[in-house]
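> Kindly return the folded structure for what I paste below:
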Amino acid sequence: MTVWRDDPDAPMLLAGRRTAVGTSGHALAGVDVIGLTAPVLAAVAGDVAALQLPIDDVVIGNCLGPGGDIARVSALAAGLGDEVPGVTVDRQCGSGLDAVLQAASRVRAGDAELVLAGGAESASTAPWRCWPPSVAGAQPTRYTRAPFAPPGRPDPDMGEAADALAVKLGISRTEQDRYAARSHRLTHAAATAGRYTAEIVALPELWTDQRPRPGMTAERLARLRPAFGPDGTATAGNSCGVSDGAAALAVTTRRAARAAGLPCLRILGAAVVAGAPDLPGLAPAPAVRRLLARPGLGVAVRDIDAVEITEAFASVVLAVIDELGIDEDRVCAEGGAIGLGHPWGASGAILLLRLMSRLLRPAGAGTGLGLASCAIGGGQGLAMLLAHPEA
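This next block holds a predicted model:
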């Protein structure tokens, strides 16, 4: 494995914080996306005060919010100062991870020294939108999501696409329920052990994750009906929950992080790919391959200690594990979106919080490498590689 040069300008990830994840329509039903994002940004800004650097920008990913520049409004609401800019990005459920990718690129290029980045989603308060009438006098047509593909191309919902992926790859309902039971068990165990406590910014409405619960065995999950069609295998139990939440992290240079003595991870690189829009669950694997093939990186899948994949559906995670030959024990070892919930715009940033938790905890021998990846509506895949600063 390559030993990376000691680059003082390398982008570093630090100070990850998030809200508790709420089930849509429940505890956070009255908190809009700004109300979720601003407290997290304020907490991260406080955590990196020792850097003694101005915040050069705020980058926030979001899918279904009210539009406008959520990042800028949230920065103002967080009290970061009128002089702090913000930009909002949309790469669907990869938005939070892409926001951090953009922040890292800015820092690596020397265009910024400190950027706060992450994502947010309030499924509960997402506005209802409509297509305008096609003819005079007709009624507007409501749509629940923007299209993933242009007219004339297959454009299934993510659940339908997960069912199709399971059929294509021969992933059985039994295997999906087995993996989902693992996710529920690990998520509940991590919550009970306090693994999430330090990263959660308590809100008056919610201060602990709503979805984790015990007793979600494979046998219990097997009794649930298909969620997206009578012949499907994705259910409410082996899929993620629709959720509300926000997460953010800071990105700065290795020089600045070292001077402040803050715990951090090095961002070694990232890659985005695209493929068939009707089978988005296949895209994380080629994203990881493209990332690991970068010249000078010198990393193989077997070298990676910790892997985080957005558990939108069990079939997607199982497909990526099989395609890349990943040891399942290294994947989502502190639980994932099946057990925790999936606030779409925030979930990519939550993957990075899990990697920070796993890689910065005192442990035995290992490479100190972590991988985050997600499948994205419309057939895109995104992957990011992190390393302990001493790796």
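> Could you list every helix and strand in contact with the lowest-mean-pLDDT helix or strand in the chain?
Lowest by mean pLDDT, DSSP states H and E among the helices and strands of the chain is strand 141-143, with a mean of 83. Counting by 3 or more Cβ pairs under 8 Å, 6 or more residues apart in numbering; DSSP states H and E, the packing neighbours recorded for strand 141-143 are strand 129-131. For the C-beta atoms, the positions are set from N, CA and C on the backbone; glycine is no exception.
> Listing partners with orientation, what would you give for the strand it packs on?
Counting by DSSP bridges, the strands paired with strand 129-131 are strand 141-143 (antiparallel).
> The strand it pairs with: what's the following helix or strand?
helix 158-169 (DSSP states H and E).
> show me where the protein has strands.
11-19, 22-23, 57-61, 87-89, 114-122, 129-131, 141-143, 200-201, 243-253, 265-274, 306-309, 369-376, 380-387 (DSSP state E).
> so can I have a markdown table of the ones you listed showing mean neighbour count and distance to residue 168?
Putting those into a markdown table (neighbours: other Cβ atoms under 10 Å; distance: least, Cβ to Cβ, whole Å) gives the following:
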| stretch | mean neighbour count | distance to residue 168 |
| --- | --- | --- |
| strand 11-19 | 26 | 34 |
| strand 22-23 | 24 | 30 |
| strand 57-61 | 29 | 29 |
| strand 87-89 | 20 | 30 |
| strand 114-122 | 32 | 28 |
| strand 129-131 | 12 | 31 |
| strand 141-143 | 10 | 27 |
| strand 200-201 | 20 | 38 |
| strand 243-253 | 31 | 27 |
| strand 265-274 | 21 | 18 |
| strand 306-309 | 27 | 18 |
| strand 369-376 | 28 | 14 |
| strand 380-387 | 26 | 16 |
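> CSV please, covering those strands and showing distance to residue 351.
Compiled in CSV, these are given as follows (distance: least, Cβ to Cβ, whole Å):
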stretch, distance to residue 351
strand 11-19, 10
strand 22-23, 18
strand 57-61, 12
strand 87-89, 16
strand 114-122, 10
strand 129-131, 28
strand 141-143, 28
strand 200-201, 16
strand 243-253, 9
strand 265-274, 12
strand 306-309, 4
strand 369-376, 4
strand 380-387, 8
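> for the protein, what's the longest helix?
helix 173-192 (DSSP state H).
> can you list the weak-confidence ranges in the stretch 1-150 of the chain?
1-5 (pLDDT under 70).
> which residues in it form helices?
Ranges of helices in the stretch 1-150 of the chain, per DSSP state H, counting those that start in this stretch, are 33-47, 70-77, 95-109.
> Just want the angle from the second one to strand 57-61.
To tie it back to what came earlier, the one meant is helix 70-77. Helix 70-77 runs at 130 degrees relative to strand 57-61, counting by axes from the mean of the first three to the mean of the last three Cα atoms, to 10 degrees.
> for helix 70-77, packing partners?
helix 33-47, strand 57-61, strand 87-89, strand 114-122.
> Residue 8: what's its closest spatial neighbour, skipping adjacent residues?
residue 255 (3.9 Å; Cβ to Cβ, 6 or more residues apart in numbering).
> Relative to residue 10, how far out is the one you found?
Taking Cβ to Cβ, to the nearest Å as the measure, residue 255 falls 9 Å from residue 10.
> Look at those two and report which has more neighbours.
residue 10 (20 against 14; other Cβ atoms under 10 Å).
> right, and the more buried one touches residue 254 too?
Yes - counting by Cβ atoms under 8 Å, residue 10 does reach residue 254; the two are 4.5 Å apart.
> where do the contact lists of these two overlap?
residue 266 (Cβ atoms under 8 Å, 6 or more residues apart in numbering).
> Can you convert the helices and strands packed on helix 70-77 into CSV and add a column each for distance to residue 106?
Converted to CSV, the helices and strands packed on helix 70-77 look like this (distance: least, Cβ to Cβ, whole Å):
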stretch, distance to residue 106
helix 33-47, 16
strand 57-61, 7
strand 87-89, 10
strand 114-122, 6
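> and the gap between the most centrally placed residue in the chain and residue 327?
Centroid-nearest residue in the chain, with Cα atoms, centre = their mean: residue 348, separated by 1.5 Å. Residue 348 sits 22 Å away from residue 327, going by Cβ to Cβ.
> follow-up on the earlier one: surely the residue nearest to residue 8 touches residue 7?
No - the criterion here is Cβ under 8 Å, and residue 255 misses it with residue 7 at 9.2 Å.
> which one of the helices of the stretch 1-150 of the chain lies closest to residue 214?
Relative to residue 214, the nearest member of the helices of the stretch 1-150 of the chain by Cβ to Cβ is helix 33-47, separated by 26.8 Å.
> tell me, how many neighbours does the residue nearest to residue 224 when sequence neighbours are not counted end up with?
The spatially closest residue to residue 224, leaving aside those adjacent along the chain, is residue 235, at 4.1 Å (Cβ to Cβ, 6+ apart). Using other Cβ under 10 Å, residue 235 has 22 neighbouring residues.
> OK, contacts around residue 235?
Counted by Cβ under 8 Å, 6+ apart, residue 235 has contacts 177, 221, 224, 225, 226, 227.
> Spell out for me the ChimeraX command that would select the buried members of those residues.
Command for ChimeraX that selects the buried part of these, burial taken from 16 or more other Cβ atoms under 10 Å:
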select :177,221,224,227
